[in-house]
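Peer 1: need a 3D model of the following:
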Amino acid sequence: MAERVKTPWPAALAVALGVLLGNGCADVPHYTPQHDFYVAPDGDDKNDGRSPGTAWRTLGRADREAFKPDDRLLLQAGATFKGRLSLGADQAGRAGKPLIIGSYGNGRATIRAVGGSGITVHNTAGVEIRDLRIVGNADSFARGSGISFYADHPGGRKSKHVRVSGVDVSGFRYGVVVGGGSGAAGFTDVRVSDSRLHDNKDAGLLTYGPRFDAESPDFAHEDVTLSRVEVDHNAGDPTAHDHHTGNGIILGSVRDGKVERSTAHDNGSDSATDAPEGPVGIWAYDSTRLVFQHNVSYGNRTGSQVDGSGFGLDQNTSLSTVQYNLSFGNDGAGYHAYTRFRNGAHHGNTIRFNISSDDGRKLARNGGLTVHGARIEDLQVHNNTVVLTRAGQGEATAVRVSGGPHGVALRNNLFVSPQAMFVDAAKSYTPAEIVLQGNDYYNAAGPWTVRWGNRTFTDLADWRSAVGQELHGSTPTGVRADPCLAGGRDPVITRTDGAAAMVPECDSPAGRGLDLRSLFGVDPGTVDYFGQSISGALPIGAVRPQPTG
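Peer 2: Reported below is the predicted structural model:
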């Protein structure tokens, strides 16, 4: 994989994202009790909108209303409404009394955007958007967002309480966007759940903020959780020659965020062949204290010769954890860590108890775990299972390392490959830069190869003695043992529920990993990929063995 630059998302990108800020509404001087407002195709904009029988007819009429806390704007389910909705500063609700925009009746109403974005919210929150289908047109696909929240409050103030649930968004440049301007203005208490974001151009979901300052880091958004979100067939832009397109979920400028039980698949198929960077299923940049867990990322593509990964921790990401995820059938790596900067801001991350199967289908040398970039510090990669196949173009690689790692450790991982290459390191790194300990390298066919800088090793013992890898002190670690996986010697996962193929079924050395806590002071967590307790001996790989005999 060639080195590439992940372009930061400055505040000025708001315009490029199609974050149209709306027409603005009158200020709300006082709080009044809840009002419901209805919109229906057989309504009349001269009505008061206060009941289904006196509904408004158009979104244009609804957009002129000065909504107050606890109000609800409800569109008739099954009907289609052309236009857009916009909320400006001092409109909408507040955290305890949000404005709700949704549907009434059975099913969802459809907003068919005209001229750009579907729903835009600027410098306000206390907004909940529910149970809507939002569809873009050609202008929307070029420059609009299905649902856009953007803040540029002076002084970096954050608006509180954003909820998006039960929506289906397609046909935009971005499905859902949460953006922040200069001074770390943005949003807090953000939840996106139970939604599908598909057939958009650049990404299903994006958060972003101002340019990251490593000397004085700040973040536009705080307390962000995405759960049960499906992002798929966000294909990318074949004419975008200078940046990545076709992503699933991107978290940028977030402190304390979580993506869980979500799925990213079949994204990136139309991304440019000459782009300097490619799309990724689920990834983060310029963020801290994130957790990606219990997600599935599969079938993601890249048009170029970079990226196409299932999951990524990208530039300036720190103190974050990727755990209990499944990646399979992606063009690039299952899991990657990358930064182009030497600023020390990519540090303290953990990748643990994940499964990668049949990744690297296009970029085969990045088939499993990839650590590359200018300066990656204190990265713990442990108890992952990586199974490669012959599907990739060229020689598949379980682990690839390049750039400037420092304090990177890969321990208790299970690597299964029918091909020869297990580790490909760009230089002869010292154990202080990167260390491998307690891993299982299994190849049923017999050949075993590690490339370490300009030297190639075909024997585990030779590698140990020559470069100090797979040693703890003077004690040898690492094995070449059959883990007896339930799916066979080199199982291929093709379904989101296929992880059972990775269960070890015999009492082999794969069931006896290094004690990370007592030996290295590393907290391994309490459960394996399937939620089974690991309070006793740690396994090698993501799954505790379940012997059948």
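Peer 1: from here on, just use CA atoms for contacts and neighbour counts.
Peer 2: OK.
Peer 1: tell me how many other residues crowd Lys97.
Peer 2: Residues within reach of Lys97, counting by other Cα atoms under 10 Å, total 16.
Peer 1: tell me which element the closest residue to it other than its chain neighbours is part of?
Peer 2: Nearest residue to Lys97, sequence neighbours excluded (Cα to Cα, 6 or more residues apart in numbering): Asp70, at 4.7 Å. In this assignment (DSSP states H and E), Asp70 forms part of neither any helix nor any strand.
Peer 1: could you measure from Asp70 over to Gly53?
Peer 2: For Asp70, the distance to Gly53 equals 21 Å [Cα to Cα, to the nearest Å].
Peer 1: same question, Asn47
Peer 2: 9 Å.
Peer 1: now do the contacts for Trp373.
Peer 2: Heads up, residue 373 is Gly, not Trp. By Cα atoms under 8 Å, 6 or more residues apart in numbering, Gly373 lies in contact with Glu3, Ala337, Tyr338, Thr339, Arg340, Phe341, Ser402, Gly403, Gly404, Pro405.
Peer 1: give me that answer again for 7 Å
Peer 2: Shown in contact with Gly373 (Cα atoms under 7 Å, 6 or more residues apart in numbering): Tyr338, Thr339, Arg340, Ser402, Gly403, Gly404.
Peer 1: so which of those residues is the closest to Asn316?
Peer 2: Thr339 (6.8 Å; Cα to Cα).
Peer 1: count of neighbours near that closest one?
Peer 2: Neighbour tally, Thr339, other Cα under 10 Å: 27.
Peer 1: and the residue lying closest to it once chain neighbours are set aside, how many neighbours?
Peer 2: Once flanking residues are discounted, Thr339 sits nearest to Gln315: 4.1 Å by Cα to Cα, 6+ apart. Residues lying near Gln315 (other Cα under 10 Å) number 30.
Peer 1: same thing with the one 10 residues further on?
Peer 2: Other residues within reach of Asn325, judged by other Cα under 10 Å, total 29.
Peer 1: go ahead and confirm Ala345 touches Asn316.
Peer 2: Yes - using Cα atoms under 7 Å, Ala345 is in contact with Asn316, at 4.7 Å.
Peer 1: so those two - more neighbours on which side?
Peer 2: More crowded of Ala345 and Asn316, by other Cα under 10 Å: Asn316, with 27 against 24.
Peer 1: got the residue ranges for the strands in the stretch 401-549 of the chain?
Peer 2: Listed in chain order, the strands found in the stretch 401-549 of the chain under DSSP state E, counting those that start in this stretch are 405-406, 408-411, 414-416, 421-425, 434-437, 440-442, 449-452, 455-457, 471-472, 475-476.
Peer 1: more neighbours: which of Asp70 and Gly53?
Peer 2: Under the criterion of other Cα under 10 Å, the comparison of Asp70 against Gly53 puts Asp70 first, with 22 against 15.
Peer 1: in what helix or strand does Val224 lie?
Peer 2: Assigned by DSSP H and E, Val224 belongs to strand 221-232.
Peer 1: which residues does that strand contact?
Peer 2: With contact meaning Cα under 7 Å, 6+ apart, strand 221-232 is reached by 186-199, 204, 248, 253-267.
Peer 1: now intersect those residues with the strands, please.
Peer 2: Within these, residues falling in strands by DSSP state E are 186-198, 204, 248, 254-260, 263-265.
Peer 1: other SSEs contacting the host helix or strand of Ile351?
Peer 2: Counting by DSSP H and E, the element that carries Ile351 is strand 350-352. Contacts defined by 3 or more Cα pairs under 7 Å, 6 or more residues apart in numbering; DSSP states H and E place strand 350-352 against strand 321-323, strand 380-382.
Peer 1: save these as JSON lines, and put in mean neighbour count too.
Peer 2: Output for the helices and strands packed on strand 350-352, formatted as JSON lines (neighbours: other Cα atoms under 10 Å):
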{"stretch": "strand 321-323", "mean neighbour count": "24"}
{"stretch": "strand 380-382", "mean neighbour count": "24"}
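Peer 1: mean pLDDT and distance to Ala501 for the ones you listed - can I get that in TSV?
Peer 2: TSV is the format used below for the helices and strands packed on strand 350-352 (pLDDT from 0 to 100; distance: least, Cα to Cα, whole Å):
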stretch	mean pLDDT	distance to Ala501
strand 321-323	98	18
strand 380-382	98	20
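Peer 1: how about those strands, which one is nearest Gln532?
Peer 2: Closest to Gln532 of the helices and strands packed on strand 350-352 is strand 321-323 (Cα to Cα; 13.9 Å).
Peer 1: which secondary structure elements does the closest one contact?
Peer 2: Where contact means 3+ Cα pairs under 7 Å, 6+ apart, strand 321-323 is packed against strand 288-293, strand 350-352.
Peer 1: that one: partners in the sheet, and parallel or antiparallel?
Peer 2: Within its sheet, strand 321-323 is paired with strand 288-293 (parallel), strand 350-352 (parallel), according to DSSP bridges.
Peer 1: chain center to the longest one, what's the gap?
Peer 2: Here the centre of mass of C-alpha atoms in strand 288-293, compared against the chain's by Cα atoms, centre = their mean, to the nearest Å, lies 9 Å away.
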